[in-house]
Structures are given as C-alpha cells and as structure tokens.
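this one's sequence-less:
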C-alpha cells in the first residue's frame, strides 16, 4: 500500500518536476543486470528515470568520497556502506545475500586444487566477491594450486567475462552471473550480505523514497531471489 501511495504522489507531480532529473544509483557490478530489470518496470510505471553507474564496490566507494553525484549506493558487502555512512552520514539496509559459484571444468570444487587450471576472480582489494574467492583459495585443500595462473578482473563481472571468453579454465563469481555454476559453501568465505544506503544527495527526495519503497516491496524481493540471491534475514 505504501508503495502505491508513493507512486501516486510521484505521478501527481508536474511533469517538469517529476522527471527533471534521474535518480542516480551506484551499483556493484554483480547486481547491475538484476537492478536493470527491476528498474525497467519502475520506470514504466512512474516515468521516473533511474541512471545506473556500475563498478566494483571499492571503486564506487572512492568515487563517492571524491564527490561523485549519486543518490543511492548498492554495495556488494555490508562493511563498505557502513563505513561510508560514518563518513558522510546515513544508514544502511540489506537488500540481498550474495552467493559464490565456480564455473568451468565440471561441477567438482576439487578442481580448485589443480595448479594446471587457470582461474579468474574479482580483484580482492576492491571487490567483495574477490575477497570471498580468496577466502576459498586459502583453504588447506586448495594449497596445491598456489602457483596456478590467477587472473584478477576489475570486478566480478569482468572475472566472469574472462572465463566466458576462454581466457581462463575456471572462475569464482556471483551466482547471479552464472546460475548453473557449482555452489561454493557459504561457510567457506566471508558473508556476502549486500547492503545499500541513501547518500546525502538523495536524502529527502520524493523520487528516491518512492524508488526505495519499490526496492523493498515483495515484488522486487521475489525478483531478487529469482536472480540468484538469498533473501535478507
């Protein structure tokens, strides 16, 4: 009901105010394609444009700190937006729980122990999925592959593209990018609870509030789960 009321409020705004400026969203690479699908229906129903900018969580964090004009930040972890909230103000909320999968070479995770098989991951310094992948590779059973060729993408989408194009034998990526990948047990790596926050530029905006209510709706929650994420607690 609240979503419907907010959408009505947005539609009642004069056309020149309703869509004078898009809601600007910074989104982690793993979630971009899912958010594009979510936004398509929102834009069709409200006429309010949403402008996405995508990169790894760490890169987006630095852009925001240096003044990038975003209203919302959808990160691939919990720690980064929480740190940002202490620096610029605001609070965070969970919107999805990410899942890590292996692609390539069959469905046996033991392949991660084979040093002959090259592997693509996201850059662990800036991408939470890359840091989670490094947690997996640090397990004792995979120590034998310590000298393998390890290719780091700028983000998890690029890591997936490295594997998809034949550049590596295996990749550790988000399940949302590879629904048929082999699931990696969640207790093998740090949590991938993905949090978002309203940035100071978007605070108090009717368009942002309406969009957030849409994101939190049961309709969108189901879409997020269908895309390959687990629901937030």
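Sure, I can see it. Please read all numbers here as calculations on a predicted model, not as lab measurements. Numbering: from 1, shown residues only.

what does stretch 145-160 contact?
Applying C-beta atoms under 8 Å, 6 or more residues apart in numbering, the external contacts of stretch 145-160 come out as 28-30, 32, 54-56, 59, 76, 103, 112-124, 126-127, 129-130, 137, 161-162, 167-168, 171-174, 177-178. In this view, the C-beta of every residue, glycine as well, is placed from N, C-alpha and C.

among those, which are in strands?
28, 54-55, 103, 119-122, 171-174 (DSSP state E).

and the furthest pair within these?
Using C-beta to C-beta, the ones in strands among the contacts of stretch 145-160 reach their maximum pairwise distance at 54 and 119, which is 23.3 Å.

mind giving me the ChimeraX command for buried ones among the contacts of stretch 145-160?
Written as a ChimeraX command, the selection of buried residues from the contacts of stretch 145-160, which uses 16 or more other C-beta atoms under 10 Å, is:
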select :28,29,30,32,54,55,56,59,76,103,112,113,114,117,118,119,120,121,122,123,124,126,127,129,130,137,161,162,168,171,172,173,174,177,178
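
buried ones in the longest helix along the chain, by neighbour count?
Longest helix in the chain, counting residues (DSSP state H): helix 32-46. Buried residues in helix 32-46, defined by neighbour count with 16+ other C-beta under 10 Å: 32, 34-35, 38-39, 42-43, 46.

from those residues, pick the one nearest residue 66.
Using C-beta to C-beta, the shortest approach to residue 66 within the buried residues of helix 32-46 belongs to residue 32, at 21.0 Å.

next up, the contacts around the closest residue to that closest one other than its chain neighbours.
Nearest residue to residue 32, sequence neighbours excluded (C-beta to C-beta, 6 or more residues apart in numbering): residue 54, at 4.3 Å. Under the criterion of C-beta under 8 Å, 6+ apart, the contact list for residue 54 reads 26-29, 32, 155, 157.
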